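In: pasting the structure only:
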Ligand code: KIV
Ligand code: ZN
């Protein structure tokens, strides 16, 4: 039977310390419910003494979530612990996470104290917290730079005082994987009562080693990992939940498992990114936009022949419907044929494919990415007629009126118009377009930029979802609202032209 590694999610505490990414209590509750569905074991819901909002968030999350343990952070200060205990009163399963800095830096420059007094404060905090809650986690802040002998003494003393979990944070992201792994092994081998507690890894990413260090900790005997969705957190962030979950799932040789239902990883990554207004880097492992995108000819050919030639993970396993084959100037014929067939062009003979490929390479040299419309133009010479054309947009907005928009579109030589309200001018204009086409596209990304250094011209890129597809729209105008409507109409035209092609080929 493989050992379980407990997933302690701190997206809502350490993760939320990212400047400018603070969440409201209802937003935190929404994320906490999703974390419960994902299968995390512990949710660190906040640092209750730090603000009334943090206190309230712990209260509300405790009410909303029942399976995971709800954890509240404190310093080794009685008042902090009082607040934490109070905030956890509705939690079905609760934990207080207390601790103190143990490195020479912290002892000397933060506390102006000495090792013995710090150890005593830690022990006193655990004993005090134990009066309220049975499950106590103790963190030795900056353990990464703490001398191992002293760290072992602190760990032994707090376990004796009642700590059930001992957290060994690499607070500054300083350690190398071997060094961090060795630290965990040292504690396993030199702390007499270590079997009475779980060792937890909490690694920061200042040198890009958070995931590697956490993995090294687990390999050396830690059985809890402290992680955040998308690896968000102060400075360079924390260990990313999705990376650790998938490392443990992929490396069966480690004989370890978690309770994570990995198919929820991608949707939760999107939710956290959206709520925190913090984009995920495209090349981020597991959940980045390019994590399963192949663009070079050799890789594309390999993936089309057999996915596992170039993928160690199945995208569906993390909730991404499929790998993507991106068409660029480096793509080969196999990738082009794959997309032509997807669009219904499965009857082209080899000579025609060769011609289209030559034209495709020329086009790809000029444009960065080739989309479905480009492929249709390459095969047919032009896009099919019948698209929508924006004729006119009128907006009414202001501080004291509900924004409304009237949009006029030309469709097959006929002019049609509609008026709609919205929460803002752009929302109103998009709603008016939706009324005309009797459909709604799900807005996935919206980007407004100036055209170079011109302040009189704006360009808008949007990304929308429709059925299972993702479509891009683009618009330019002196007025960004009109540029936005143009981009939206452009995206609708892409959806309809693709649907038309599919119908034709069916
Ligand atoms: O990084 C750290 O040391 C922490 C502790 C407060 C657990 O976040
Ligand atoms: Zn931290």
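Out: Received it, and whenever you're ready, just let me know what you need. A quick note: this is a predicted structure, and the numbers were derived from the prediction, not measured. Ligands and ions are numbered 1, 2, ... in the order given.
In: where does the stretch 201-350 of the chain have low pLDDT?
Out: When residues are selected by pLDDT under 70, none of them lie in the stretch 201-350 of the chain.
In: neighbours of the residue in it that ligand 1 sits nearest to, how many?
Out: As assessed by Cβ to the nearest ligand atom, ligand 1 sits closest to residue 202 within the stretch 201-350 of the chain, at 5.3 Å. Bear in mind the C-beta positions are built from the backbone N, C-alpha and C, glycine included. Applying other Cβ atoms under 10 Å, we find 31 residues neighbouring residue 202.
In: ok, then the element right after the helix or strand in which it is found?
Out: Per DSSP states H and E: residue 202 is located in strand 198-203. Downstream of strand 198-203, the next assigned helix or strand under DSSP H and E is helix 210-219.
In: coming back round to it: what pairs with the strand holding residue 202, parallel or antiparallel?
Out: Using DSSP bridges, strand 198-203 pairs in its sheet with strand 165-170 (parallel), strand 224-227 (parallel).
In: rewinding a little: which residues does the residue of the stretch 201-350 of the chain closest to ligand 1 contact?
Out: By Cβ atoms under 8 Å, 6 or more residues apart in numbering, the contact set of residue 202 is 10, 14, 139, 167-171, 226, 238-239.
In: residue 293 too?
Out: Counting by Cβ under 8 Å, 6+ apart, residue 293 touches 323-326.
In: if we can go back for a sec, what bridges to the residue of the stretch 201-350 of the chain closest to ligand 1?
Out: residue 169, residue 226.
In: quick check: residues of this protein near ligand 1?
Out: 14, 139, 141, 167, 169, 171, 202, 204 (Cβ under 6 Å from any ligand atom).
In: of those residues, which is the most crowded?
Out: That'd be residue 202 among those, by other Cβ under 10 Å, with 31 neighbours.
In: and the strand holding residue 202, how far out from the chain's middle?
Out: 22 Å (Cα atoms, centre = their mean, to the nearest Å).
In: please begin residue numbering at 17 from this point
Out: Understood, numbering begins at 17; the last thing we discussed is strand 214-219.
In: roughly how far does the residue nearest to residue 277 when sequence neighbours are not counted sit from residue 260?
Out: Leaving aside its chain neighbours, residue 277 sits nearest to residue 55 (4.9 Å; criterion: Cβ to Cβ, 6 or more residues apart in numbering). Note on residue 55: its distance to residue 260, by Cβ to Cβ, to the nearest Å, is 13 Å.
In: which of these two has more neighbours?
Out: A direct count of neighbours by other Cβ under 10 Å for residue 55 and residue 260 places residue 260 higher, at 26 against 16.
In: what packs against the helix or strand containing that one?
Out: Element membership of residue 260 [criterion: DSSP H and E] is helix 257-266. Helices and strands touching helix 257-266, as assessed by 3 or more Cβ pairs under 8 Å, 6 or more residues apart in numbering; DSSP states H and E, comprise strand 22-25, helix 226-235, strand 240-243, strand 272-273, helix 281-291.
In: what pairs with the longest strand along the chain, parallel or antiparallel?
Out: With secondary structure taken from DSSP state E, the chain has its longest strand at strand 470-482. Using DSSP bridges, the strands paired with strand 470-482 are strand 458-467 (antiparallel), strand 485-493 (antiparallel).
In: ok, which of these comes nearest residue 509?
Out: Evaluated over the strands paired with strand 470-482, closeness to residue 509 peaks at strand 485-493, with 8.1 Å, by Cβ to Cβ.
In: what's next to that closest one, contact-wise?
Out: Contacts with strand 485-493, where a contact means Cβ under 8 Å, 6+ apart, come from 387, 457, 460, 467, 473-481, 498-508, 510-511, 514.
In: switch to 6 Å and redo it
Out: With contacts defined as Cβ atoms under 6 Å, 6 or more residues apart in numbering, strand 485-493 is touched by 475-480, 499, 502-504, 506-507, 510-511.
In: give the buried residues for it.
Out: 487-489, 491, 493 (16 or more other Cβ atoms under 10 Å).
In: closest to ligand 1 among those residues?
Out: For the buried residues of strand 485-493, the nearest to ligand 1 is residue 488 (39.5 Å; Cβ to the nearest ligand atom).
In: okay, that closest one: pLDDT?
Out: Predicted confidence (pLDDT) at residue 488: the value is 79.
In: over to residue 518?
Out: pLDDT recorded at residue 518 is 56.
In: do residue 403 as well
Out: So, for residue 403, pLDDT stands at 75.
In: surely it meets residue 509?
Out: Yes. Between residue 403 and residue 509 there is a contact at 4.2 Å, judged by Cβ atoms under 6 Å.
In: so what's the gap between the helix or strand that residue 392 is a member of and the chain middle?
Out: Per DSSP H and E: residue 392 is located in helix 388-396. Mean C-alpha position of helix 388-396 versus that of the full chain (Cα atoms, centre = their mean) differs by 34 Å.
In: contacting residues around the helix or strand just after it?
Out: Going down the chain from helix 388-396, the next helix or strand is strand 404-412, by DSSP H and E. The contact list for strand 404-412 (Cβ under 6 Å, 6+ apart) reads 420-427, 441, 445, 497-498, 501-502, 505, 509.
In: select only the buried ones of these in PyMOL?
Out: In PyMOL, a selection of the buried entries from the contacts of strand 404-412 looks like this (16+ other Cβ under 10 Å):
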select buried, resi 420+421+422+423+424+425+441+445+497+498+501+502+505+509
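In: just the contacts of strand 404-412 now: which is nearest ligand 1?
Out: Lowest distance from ligand 1 to the contacts of strand 404-412 (Cβ to the nearest ligand atom) belongs to residue 441, with 42.7 Å.
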